[in-house]
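Enquirer: Fold the following, please.
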Amino acid sequence: MDYNKAPIDHSPFDWQRTVHQDMKVKDWIVPQWQSEKKDWNVVLLGAPLSRSSISVSGASEFPNAFRQSWEKFSTYYIDEDIDIRELTVADIGNVKMHVTDILRCHQHIEDAMESVAETYPNALKVTIGGDHSVTAATIRGLKKVMPEKKIGILQLDTHLDLRSTDDHGPTNGTPIRQLIEGRVIEGKHVYNIGLHGFYNAPSLIEAANDYEVHRIRLKELRQKGIEQTIQDILSVLMEQVDFIYVTVDMDVLDISYAPGVPASTPGGMRSDELFEILYEVGKCDGIGAIDFVCIDPTKDNSVQATVKTTTYAFLTFLASFYQHRVKKFEAL
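Expert: Next comes the predicted model:
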């Protein structure tokens, strides 16, 4: 698809950027339409859709809330004593949404990602949702650009997202099933981490068994340890697929850490566990795309804890990506 005809709008929210020693994220991420640069390490695309959510959701408001949070964060990561400002990151803008037509919205997301993947083939693709239905459309767009490549999925989620579209259409509870039944991916190449509690029906477990989806319960993750679990999963996926997509549904976090999600639950992951997972995941050379979905700023608390936690998660992943992949490559 011609990039100039892609259904993408400039972000309606744009910071005044200044370059200085104590750089904030708002000064670092560059609006693509303000730059002549063509070769980016990372490209960022907003997918502000929430009408396809089973739960009442204002997740469509998150891409801009995410951008507004950038002034709260520095590019310096004290945990690893690194500054990620040398990583080049472009904000592509938001996918155009139709007011009422969900299927058209999904098609726009698919078309936009196809165009982005063609235009920036070497960049890490980051999608900011939106509800979890955007993941299916995003991966379909990627698959169009690399039809011969096998795609694997690392899913951080409280839910399996294997509902049938026959029930309510292509909702946020269906993306993994959509992709499997559409032969875009194989179920055996999906690893879901973080399942817990009383939030998945027996019919979905049956579907997971039928599709051979791998399930790592939160209890198992903690028993085995995050580093070993992630390394083992990625090692297997790297042998089986050509491209790994990471999808982070922020409802994987416990309600006390993420009140601003459409389907908040007790018993979930702690934020420090999520950050540790994403730091480990960021080391993997096979990961070409990641999304963050199901964050509802309208349900968040007064200090926007969930919005800030998602931004922190995004930056943690990029810090690892920069430290273990970009700098390593540049040193060769």
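
Enquirer: Which parts of the protein are helices?
Expert: 25-28, 62-68, 102-119, 133-145, 165-168, 175-181, 202-211, 218-224, 226-240, 271-281, 305-321, 327-331 (DSSP state H).

Enquirer: Now do the same contact list for Y245.
Expert: 135, 138-139, 142, 151-154, 287-291 (CB atoms under 8 Å, 6 or more residues apart in numbering). The way it works is simple: take the backbone N, C-alpha and C, and place the C-beta from them, glycine included.

Enquirer: so for stretch 63-72, what's the average pLDDT?
Expert: Taken as a whole, stretch 63-72 has an average pLDDT of 97.

Enquirer: Stretch 211-225 too?
Expert: 98.

Enquirer: Dump that stretch to CSV, restricted to CA.
Expert: In CSV, the C-alpha atoms belonging to stretch 211-225 read as follows (Å, rounded to 0.1, in the frame of the first residue of the first chain):
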residue,chain,number,x,y,z
TYR,A,211,-5.6,-25.0,19.0
GLU,A,212,-2.5,-26.1,21.0
VAL,A,213,-2.1,-22.6,22.6
HIS,A,214,0.6,-22.7,25.3
ARG,A,215,-0.6,-21.4,28.7
ILE,A,216,1.7,-20.3,31.5
ARG,A,217,-0.3,-19.4,34.6
LEU,A,218,0.9,-16.6,36.8
LYS,A,219,1.4,-19.2,39.6
GLU,A,220,3.8,-21.2,37.3
LEU,A,221,5.7,-18.1,36.2
ARG,A,222,6.4,-17.2,39.8
GLN,A,223,7.5,-20.8,40.7
LYS,A,224,9.9,-21.2,37.8
GLY,A,225,11.1,-17.6,37.7
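
Enquirer: Run through who's touching that stretch.
Expert: 160, 162, 176-177, 180, 186-188, 190-196, 207-208, 229, 233, 267-269, 273.

Enquirer: Check the offset of stretch 36-43 from the chain's centre.
Expert: How far stretch 36-43 lies from its chain's middle: 19 Å, per CA atoms, centre = their mean, to the nearest Å.

Enquirer: Same check on stretch 3-12?
Expert: For stretch 3-12, the distance to the chain centre is 20 Å (CA atoms, centre = their mean).

Enquirer: Would you enumerate the residues in contact with G288?
Expert: 124-125, 142, 243-245.

Enquirer: 6 Å instead, please
Expert: F243 (CB atoms under 6 Å, 6 or more residues apart in numbering).

Enquirer: ok, back up a step: any chance of the helices of the chain in CSV with distance to D79 and mean neighbour count as columns?
Expert: Formatted as CSV, the helices of the chain follow (distance: least, CB to CB, whole Å; neighbours: other CB atoms under 10 Å):
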stretch, distance to D79, mean neighbour count
helix 25-28, 16, 20
helix 62-68, 21, 23
helix 102-119, 30, 22
helix 133-145, 28, 26
helix 165-168, 42, 11
helix 175-181, 32, 24
helix 202-211, 35, 14
helix 218-224, 21, 14
helix 226-240, 15, 16
helix 271-281, 8, 21
helix 305-321, 8, 22
helix 327-331, 16, 10
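
Enquirer: Can you tell me which of those is nearest to E80?
Expert: Taking CB to CB, helix 305-321 is the member of the helices of the chain nearest to E80, at 6.3 Å.

Enquirer: For the closest one, name the packing helices and strands.
Expert: Using 3 or more CB pairs under 6 Å, 6 or more residues apart in numbering; DSSP states H and E, the elements in contact with helix 305-321 are helix 271-281.

Enquirer: Export the helix it packs on to CSV, keeping only CA atoms.
Expert: In CSV, the C-alpha atoms belonging to helix 271-281 read as follows (Å, rounded to 0.1, in the frame of the first residue of the first chain):
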residue,chain,number,x,y,z
SER,A,271,4.0,-4.0,37.9
ASP,A,272,7.6,-4.9,38.8
GLU,A,273,7.0,-8.4,37.4
LEU,A,274,5.7,-6.9,34.1
PHE,A,275,8.8,-4.6,33.9
GLU,A,276,11.1,-7.6,34.5
ILE,A,277,9.4,-9.6,31.8
LEU,A,278,9.6,-6.8,29.2
TYR,A,279,13.2,-6.2,30.0
GLU,A,280,14.0,-9.9,29.4
VAL,A,281,11.8,-9.9,26.3
